[in-house]
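1. Quick check, what structure comes out for this input:
(4 chains)
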Number of protein chains: 2
Amino acid sequence: MLKLNRTTEYGLIALSHLSQKALGEAASAREMADLYGLPFDILAKTLQRLKDAGLVQSAQGARGGYRLQRELTQVTLSEFLELMEGNTSVVACAERLSDSLSDCEFHSRCRIQGMMRGLDSRLKVFLSGIRLSELTATSPLELVQLQPLTQKQVHS
Amino acid sequence: MLKLNRTTEYGLIALSHLSQKALGEAASAREMADLYGLPFDILAKTLQRLKDAGLVQSAQGARGGYRLQRELTQVTLSEFLELMEGNTSVVACAERLSDSLSDCEFHSRCRIQGMMRGLDSRLKVFLSGIRLSELTATSPLELVQLQPLTQKQVHS
DNA sequence: TTAACTCGGATAACCTTAGTCCGATATAAT
DNA sequence: ATTATATCGGACTAAGGTTATCCGAGTTAA
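-> Numbering: from 1, shown residues only, chains lettered A, B, ... in the order given. Next up, the predicted model:
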């Protein structure tokens, strides 16, 4: 159920790296790939995605690279996962729910559909309570229970 | 990150079905497979697993089938997932942590290992706070925030 | 004796993820 | 200008895991 995609891990490592750079200093995909032993091509694509999402900004050409564009304290794990992994529903059929509920022949008899949606929303609350900054801190931290962000703070 | 295995879904459906049977009345794998449109073979194996874990008991032969063996109010989602999906760590490398931490060449430079473990444990608290009975209720329920089970109540 | 069951292994089909390879474009430094 | 270092982005292959299917064997009530 819970395993992160590799790209998500790579993204987290990259963001962590960037968050430690001096302000205005860029890091290239190559630099990070070599330092952490990550496959360059994939890391590059991942950074692209982060850029499209507005989490980082990029500079092309020699001496180019990536910089953080948003404060990681203001990005929730929920938002990040949605970005990196697409739909975060726990059940396959829930993804299609918005399209057509009656795709599933056994819908009327289905026992788990309702509760899975409930679980989804509860999980989302949980994930929204974790800030990316908590996950990208340098030292092995104990995660402490934080107040969930207010609606205004949550972008997505 | 979050998608459940199919077998986990099947298991949930089966448990839900069993929880609605009158006490002492058994349901067969065939019966459930037909009713919910699930692949018989897989459902059978799933039930086997639930039996080995002590969640249900089985009776062989004609008129046999499965019955609940434990109160679903006393089984946490955490325990159930561990049972159905094995290791529930969010990162692949964390599974090997207990074996040998230094498998990963980049361990010393790794930025996410510590925090991923923190995330793991926080997630576990979350999952331990959800009882299977909440997920197997008949009607599409809103999940309410419950008190986590006490240590005594949590078996695993 | 038969039909309806659980039990359990081996194997095949499928699908997603992860990784690779390629070329194009942009820009700073020489 | 030319070169080296970057981002950008598509197409493709490889690998691995999940899901499903196909067996046969053992149990038990009718």
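
2. Stretch A:44-61: end-to-end distance?
-> 14 Å (Cα to Cα, to the nearest Å).

3. sec struct for the residue nearest the centre of chain A, please.
-> Residue closest to the mean C-alpha point of chain A, counted by Cα atoms, centre = their mean, is residue A:80 at 2.2 Å. Put simply, residue A:80 is helix when judged by DSSP: H, G, I helix; E, B strand; the rest coil.

4. pLDDT wise, what is it at?
-> Note for residue A:80: predicted pLDDT of 95.

5. Return the residues of chain A in contact with DNA strand D.
-> Residues of chain A lying near DNA strand D by Cβ under 7 Å from any atom of the strand: A:28-31, A:41, A:44-45, A:47-48, A:51-52, A:58-66. Where C-beta positions appear, they are placed from N, C-alpha and C, glycine not excepted.

6. try it again with 10 Å
-> Counting by Cβ under 10 Å from any atom of the strand, chain A comes close to DNA strand D at A:1, A:3, A:14, A:26-34, A:40-45, A:47-52, A:56-66, A:92.

7. Quick check on those residues: which are buried?
-> The neighbour-count test (16 or more other Cβ atoms under 10 Å in any protein chain shown) marks A:1, A:3, A:14, A:26-29, A:32-33, A:43-44, A:47, A:50, A:56, A:58, A:65-66 as buried among the residues of chain A next to DNA strand D.

8. out of those residues, which touch DNA strand C?
-> A:3, A:33, A:43, A:44.

9. Tell me which entries of those lie within strands.
-> The members of these all map outside strands under DSSP state E.

10. so which of these also contact chain B?
-> residue A:3 (Cβ under 8 Å from any Cβ of the partner chain).

11. just checking, residue A:75 touches residue A:130?
-> No: assessed by Cβ atoms under 8 Å, residue A:75 is found out of contact with residue A:130, at 10.0 Å.

12. now, which of the buried ones among the residues of chain A next to DNA strand D lie within helices?
-> Judged by DSSP state H, helices contain the following of those: A:14, A:29, A:32, A:33, A:43, A:44, A:47, A:50.

13. Pull up the gap between the closest residue to the second one other than its chain neighbours and residue A:85, please.
-> In this case it means residue A:29. Sequence neighbours aside, residue A:44 is the residue nearest to residue A:29 in space, at 4.4 Å (criterion: Cβ to Cβ, 6 or more residues apart in numbering or on different chains). Separation of residue A:44 from residue A:85 (Cβ to Cβ, to the nearest Å) stands at 18 Å.

14. Could you do residue A:67 as well?
-> 24 Å.

15. tell me the mean pLDDT for stretch A:86-94?
-> Taken as a whole, stretch A:86-94 has an average pLDDT of 70.

16. Do any residues in stretch A:49-66 lie close to chain B?
-> No: judged by Cβ under 8 Å from any Cβ, stretch A:49-66 makes no contact with chain B; its nearest approach is 15.2 Å.

17. Show me which residues of chain A are close to DNA strand C?
-> So far as Cβ under 10 Å from any atom of the strand goes, chain A lies against DNA strand C at A:3-10, A:33, A:38-46, A:59-64, A:84-87, A:92.

18. what helix or strand does the residue lying closest to residue A:78 once chain neighbours are set aside sit in?
-> Spatial nearest neighbour of residue A:78, excluding adjacent residues (Cβ to Cβ, 6+ apart): residue A:127 at 3.7 Å. Element membership for residue A:127, per DSSP states H and E: helix A:113-128.

19. if we can go back for a sec, could I get the ones in helices among the buried ones among the residues of chain A next to DNA strand D in TSV, plus columns for distance to residue A:114 and pLDDT?
-> Shown next, in TSV, are those (distance: Cβ to Cβ, whole Å; pLDDT from 0 to 100):
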residue	distance to residue A:114	pLDDT
A:14	38	95
A:29	44	97
A:32	43	95
A:33	45	94
A:43	40	97
A:44	42	97
A:47	39	98
A:50	35	97
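
20. Show me the two of these that sit farthest apart.
-> Of all pairs drawn from these, the greatest distance, 14.6 Å, lies between A:33 and A:50 (Cβ to Cβ).

21. right, and the residue nearest to residue A:78 touches residue A:81 too?
-> Yes: judged on Cβ under 8 Å, residue A:127 makes contact with residue A:81 at a distance of 6.4 Å.

22. okay, and the common contacts of these two?
-> Common contacts of residue A:127 and residue A:81, defined by Cβ atoms under 8 Å, 6 or more residues apart in numbering or on different chains, comprise residue A:88.

23. For chain A, just list every one of the strands.
-> Along chain A, the stretches classed as strands by DSSP E are A:56-59, A:65-68.

24. okay, those strands in JSON lines with mean pLDDT next?
-> Shown next, in JSON lines, are the strands of chain A (pLDDT from 0 to 100):
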{"stretch": "strand A:56-59", "mean pLDDT": "97"}
{"stretch": "strand A:65-68", "mean pLDDT": "97"}
